[in-house]
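In: requesting a structural model of the entry that follows:
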Amino acid sequence: MAGFFDRFRVPDPTPFRRELDRPGYEEALGHIRDGRRIHAIKVVREHTGMGLVEAKKLAEDIEAGRWSPAGPADGQSLADRTRELLAQDRVADAVLMVAKETGMTEDESSRFIGSLDR
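Out: Take a look at the predicted model:
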(Lines give C-alpha, C1' and ligand atoms only; values in the text may rest on other atoms or scores of the structure.)
Protein backbone atom coordinates (compact mmCIF):
# COMPACT_ATOMS: atom_id res chain seq x y z
CA MET A 1 0.00 0.00 0.00
CA ALA A 2 2.92 2.33 0.51
CA GLY A 3 3.43 2.61 -3.26
CA PHE A 4 -0.18 3.66 -3.71
CA PHE A 5 0.14 6.62 -1.33
CA ASP A 6 3.56 7.68 -2.60
CA ARG A 7 2.04 9.19 -5.72
CA PHE A 8 -0.01 11.61 -3.57
CA ARG A 9 2.99 12.96 -1.72
CA VAL A 10 4.26 16.35 -2.72
CA PRO A 11 8.04 16.67 -2.95
CA ASP A 12 9.54 18.66 -0.10
CA PRO A 13 10.21 22.16 -1.47
CA THR A 14 12.39 23.23 1.48
CA PRO A 15 15.74 22.63 -0.28
CA PHE A 16 14.86 25.51 -2.60
CA ARG A 17 13.83 27.92 0.15
CA ARG A 18 16.11 30.44 1.73
CA GLU A 19 15.70 32.67 4.74
CA LEU A 20 14.75 36.27 3.97
CA ASP A 21 17.96 38.25 4.41
CA ARG A 22 18.37 41.85 5.57
CA PRO A 23 18.54 43.40 2.04
CA GLY A 24 15.41 41.53 0.99
CA TYR A 25 13.65 42.59 4.18
CA GLU A 26 14.62 46.24 3.67
CA GLU A 27 13.44 46.15 0.05
CA ALA A 28 10.12 44.53 0.97
CA LEU A 29 9.62 46.96 3.85
CA GLY A 30 10.25 49.88 1.51
CA HIS A 31 7.57 48.63 -0.87
CA ILE A 32 5.16 48.12 2.03
CA ARG A 33 5.76 51.66 3.31
CA ASP A 34 5.13 52.99 -0.21
CA GLY A 35 1.82 51.11 -0.36
CA ARG A 36 3.04 48.56 -2.92
CA ARG A 37 2.15 45.34 -1.18
CA ILE A 38 2.25 43.21 -4.33
CA HIS A 39 5.81 44.32 -5.05
CA ALA A 40 6.76 43.42 -1.47
CA ILE A 41 5.33 39.92 -1.94
CA LYS A 42 7.28 39.55 -5.19
CA VAL A 43 10.49 40.57 -3.43
CA VAL A 44 9.88 38.04 -0.65
CA ARG A 45 9.26 35.32 -3.23
CA GLU A 46 12.39 36.21 -5.21
CA HIS A 47 14.61 36.25 -2.14
CA THR A 48 13.23 33.12 -0.47
CA GLY A 49 11.68 30.86 -3.09
CA MET A 50 8.44 30.76 -1.06
CA GLY A 51 5.06 30.12 -2.56
CA LEU A 52 2.53 32.91 -2.99
CA VAL A 53 0.54 32.20 0.17
CA GLU A 54 3.63 31.94 2.38
CA ALA A 55 5.18 35.08 0.90
CA LYS A 56 1.93 37.00 1.40
CA LYS A 57 1.81 35.89 5.04
CA LEU A 58 5.42 36.93 5.60
CA ALA A 59 4.81 40.31 3.93
CA GLU A 60 1.79 40.83 6.19
CA ASP A 61 3.91 39.92 9.22
CA ILE A 62 6.57 42.41 8.13
CA GLU A 63 3.93 45.10 7.69
CA ALA A 64 2.50 44.41 11.15
CA GLY A 65 5.96 44.43 12.71
CA ARG A 66 5.80 40.78 13.75
CA TRP A 67 8.86 39.71 11.75
CA SER A 68 12.32 41.08 11.17
CA PRO A 69 15.51 39.34 10.11
CA ALA A 70 17.89 38.05 12.73
CA GLY A 71 20.74 40.33 13.57
CA PRO A 72 21.11 44.07 13.43
CA ALA A 73 21.23 45.97 10.17
CA ASP A 74 24.56 47.64 10.68
CA GLY A 75 26.35 45.32 13.06
CA GLN A 76 25.26 47.22 16.17
CA SER A 77 23.62 45.44 19.05
CA LEU A 78 20.01 46.10 20.00
CA ALA A 79 21.20 47.93 23.10
CA ASP A 80 23.43 50.26 21.05
CA ARG A 81 20.67 51.07 18.59
CA THR A 82 18.30 51.70 21.49
CA ARG A 83 20.79 54.07 23.10
CA GLU A 84 21.06 56.00 19.83
CA LEU A 85 17.30 56.49 19.73
CA LEU A 86 17.27 57.55 23.37
CA ALA A 87 20.01 60.10 22.66
CA GLN A 88 17.67 61.58 20.03
CA ASP A 89 14.78 61.67 22.58
CA ARG A 90 12.89 59.05 20.56
CA VAL A 91 11.78 56.91 23.48
CA ALA A 92 8.57 55.68 21.82
CA ASP A 93 10.50 54.56 18.74
CA ALA A 94 13.00 52.76 20.97
CA VAL A 95 10.22 50.92 22.80
CA LEU A 96 8.59 49.86 19.52
CA MET A 97 11.91 48.73 18.03
CA VAL A 98 12.73 46.58 21.05
CA ALA A 99 9.21 45.13 21.10
CA LYS A 100 9.28 44.28 17.39
CA GLU A 101 12.74 42.74 17.38
CA THR A 102 12.40 40.70 20.55
CA GLY A 103 8.70 39.89 20.79
CA MET A 104 8.51 41.61 24.18
CA THR A 105 5.44 43.53 25.24
CA GLU A 106 5.74 47.29 25.34
CA ASP A 107 5.90 47.17 29.15
CA GLU A 108 8.77 44.66 29.03
CA SER A 109 10.50 46.76 26.38
CA SER A 110 10.22 49.84 28.60
CA ARG A 111 11.80 47.96 31.48
CA PHE A 112 14.58 46.73 29.20
CA ILE A 113 15.26 50.30 28.07
CA GLY A 114 15.20 51.54 31.65
CA SER A 115 17.86 49.00 32.60
CA LEU A 116 20.36 50.14 29.94
CA ASP A 117 23.49 52.02 30.97
CA ARG A 118 23.68 55.36 29.23
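In: tell me where this structure has strands.
Out: Listed in chain order, the chain contains no strands at all (DSSP state E).
In: how about the contacts made by residue 32?
Out: For residue 32, the residues meeting the contact criterion (CB atoms under 8 Å, 6 or more residues apart in numbering) are 40, 59, 62-63. Placement of C-beta: from N, CA and C, glycine included.
In: helices - which of the residues you listed land there?
Out: Secondary-structure check on these using DSSP state H: residues within helices are 40, 59, 62-63.
In: ok, those vs residue 46, which is closest?
Out: Each of the ones in helices among the contacts of residue 32 was scored against residue 46 by CB to CB, and residue 40 proved nearest at 10.8 Å.
In: was I right to think that closest one contacts residue 31?
Out: Yes. Counting by CB atoms under 8 Å, residue 40 sits close enough to residue 31 to count as a contact (3.9 Å).
In: neighbour-wise, which of the two wins?
Out: The neighbour count for residue 40 versus residue 31, taken as other CB atoms under 10 Å, is higher for residue 40 (25 against 21).
In: break this protein into its domains for me.
Out: In the assignment given by automatic domain parsing, the structural domains of the chain cover 2-64, 78-114.
In: okay if I get those domains as TSV plus mean pLDDT?
Out: Supplementary listing: these in TSV, determined by pLDDT from 0 to 100:
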stretch	mean pLDDT
domain 2-64	83
domain 78-114	87
